[in-house]
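Trainee: I would like the atomic coordinates for the input below:
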Amino acid sequence: MASIHSKLFALFLRLIGKKHFLKTLLAAGKQNFYSSPEPTAKVHKFCVVAKRQLNGQPVFTLQSRTGKGRKHILYLHGGAYVQNFTSYHWSFMAELVAATHCTISAPDYPLAPDFTFEDTFKMVLALYRELIEKVAKEDLIIMGDSSGGGLALALCQLLVKEQLPQPGQLILLSPWLDISLSNPEIHEIVTQDPFMGLEGLLQAGRIYAGNAPLDHYLLSPIYGSFKGLENITVFAGSREILVADARKLKKMMAPEVLQFTYVEYPGMVHDWMLINLPESKQARQQIISVIETGGL
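Mentor: Alright, predicted model coming up:
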């Protein structure tokens with residue numbers, strides 16, 4: 001059962017009409033109104049930060065100030081493919097670095113409406129090619145939240161086609177796995193979700209897709225092949241519309257993947273692990289465990 005803090009947070013989201021924010025921001029052309037494109041003060045407090053360019057886009061590297069561990073995370077942020085990093089992403093990454101001494105590479109990958117998924121994959125695939133040359137496969141982790149989770153899974157599917165090694169782990173946080181949002185179970189959950197609205201998400205997904213069909217696996221990895229994938233951990237909340245496809249993925253994935261772990265938190269909303277609720281802290285400890293040991 002969700003904590004009282006989480007129930008109050010969900011009520012607050014309803015009162016402010018959070019699920020309509022994306023649609024409103026897209027209509028005004030201000031989808032990055034709440035974004036934080038540069039690392040926050042908290043990141044600089046706990047991490048050594050470097051910034052460079054790759055394919056014309058920034059890549060941030062975060063390292064611990066107190067020691068360097070073996071693990072290296074390629075972190076793909078969420079934001080419906082139209083929004084940049086937020087302060088919550090930066091705080092989350094800083095906590096992971098502080099707790100595990102991992103290194104994080106966080107690309108500011110191309111976003112719609114200025115770019116489409118083809119530009120995004122050119123950049124993230126180029127970055128992965130660099131990392132796999134420098135980091136041992138078993139120490140490399142791809143992690144993504146929301147749309148970044150969908151991007152992370154699609155990237156691993158693309159790695160199979162490109163005959164590149166899979167990362168040691170793939171960690172998906174509230175992943176957006178089908179930009180068409182066509183799973184009928186979504187309509188059973190949508191009234192319970194105080195965070196995400198269908199109209200804004202569908203609009204963002206169509207812009208990101210360009211002229212490609214919405215069921216292209218690089219846009220909606222739920223329609224791709226899972227053969228060759230390894231060591232996947234998924235976190236989802238029962239009150240987010242995206243849980244419908246996370247549950248579907250669990251049913252589809254289990255027979256094919258070397259190791260698949262699915263964690264669903266009852267009563268939790270989208271991306272809860274990035275904020276400051278009792279369940280958020282619990283989930284972050286589990287994520288840290290997965291990073292350090294490969295399992296829960």
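Trainee: next, residue 232: phi, psi?
Mentor: Per-residue torsions, residue 232: phi -110, psi 140 (degrees, to the nearest 10).
Trainee: sorry, slip of the keys, the one I care about is residue 262.
Mentor: Per-residue torsions, residue 262: phi -120, psi 130 (degrees, to the nearest 10).
Trainee: residue 287 versus the closest residue to it other than its chain neighbours, what's the distance?
Mentor: Nearest residue to residue 262, sequence neighbours excluded (Cβ to Cβ, 6 or more residues apart in numbering): residue 250, at 4.6 Å. (C-beta placed from N, C-alpha, C; glycine too.) Computed as Cβ to Cβ, to the nearest Å, the residue 250 to residue 287 distance reads 18 Å.
Trainee: which one's more surrounded, the two?
Mentor: Each of residue 250 and residue 287 has its neighbours counted (other Cβ atoms under 10 Å); residue 287 has more, 23 against 16.
Trainee: what about the more buried one, which helix or strand?
Mentor: helix 278-293 (DSSP states H and E).
Trainee: show me what that helix is packed against.
Mentor: Counting contacts by 3 or more Cβ pairs under 8 Å, 6 or more residues apart in numbering; DSSP states H and E, helix 278-293 is packed against helix 4-15, helix 87-100, strand 169-173, strand 232-237, strand 260-265.
Trainee: all strands for the stretch 101-250 of the chain, in order.
Mentor: Remark: strands assigned in the stretch 101-250 of the chain by DSSP state E, counting those that start in this stretch are 103-107, 140-145, 169-173, 232-237.
Trainee: any idea of the pLDDT on the residue nearest to residue 236 when sequence neighbours are not counted?
Mentor: Closest residue to residue 236 apart from its sequence neighbours, by Cβ to Cβ, 6+ apart: residue 246 at 3.9 Å. Confidence at residue 246, expressed as pLDDT, is 98.
Trainee: my read: residue 246 touches residue 238, true?
Mentor: No - counting by Cβ atoms under 8 Å, residue 246 stays clear of residue 238, with 9.9 Å between them.
Trainee: quick one: contacts for the most centrally placed residue in the chain?
Mentor: In the chain, the centroid-proximal residue (Cα atoms, centre = their mean) is residue 145; its distance is 1.7 Å. Contact analysis of residue 145 by Cβ atoms under 8 Å, 6 or more residues apart in numbering lists 76, 77, 78, 89, 173, 174, 175, 271, 273, 274.
Trainee: same question, residue 9
Mentor: Counting by Cβ under 8 Å, 6+ apart, residue 9 touches 269, 275, 277.
Trainee: where's it relative to residue 274, distance?
Mentor: As judged by Cβ to Cβ, residue 9 and residue 274 stand 12 Å apart.
Trainee: same check on residue 167?
Mentor: Separation of residue 167 from residue 274 (Cβ to Cβ) stands at 21 Å.
Trainee: check residue 283 too.
Mentor: Relative to residue 274, residue 283 is positioned 9 Å away (Cβ to Cβ).
Trainee: more neighbours: the two, which one.
Mentor: Each of residue 283 and residue 274 has its neighbours counted (other Cβ under 10 Å); residue 274 has more, 24 against 20.
Trainee: so what sits against both of residue 246 and residue 238?
Mentor: Here residue 246 and residue 238 have residue 264 as joint contacts, going by Cβ under 8 Å, 6+ apart.
Trainee: which one of these two has more residues nearby?
Mentor: Higher neighbour count among residue 246 and residue 238: residue 246, with 24 against 17, using other Cβ under 10 Å.
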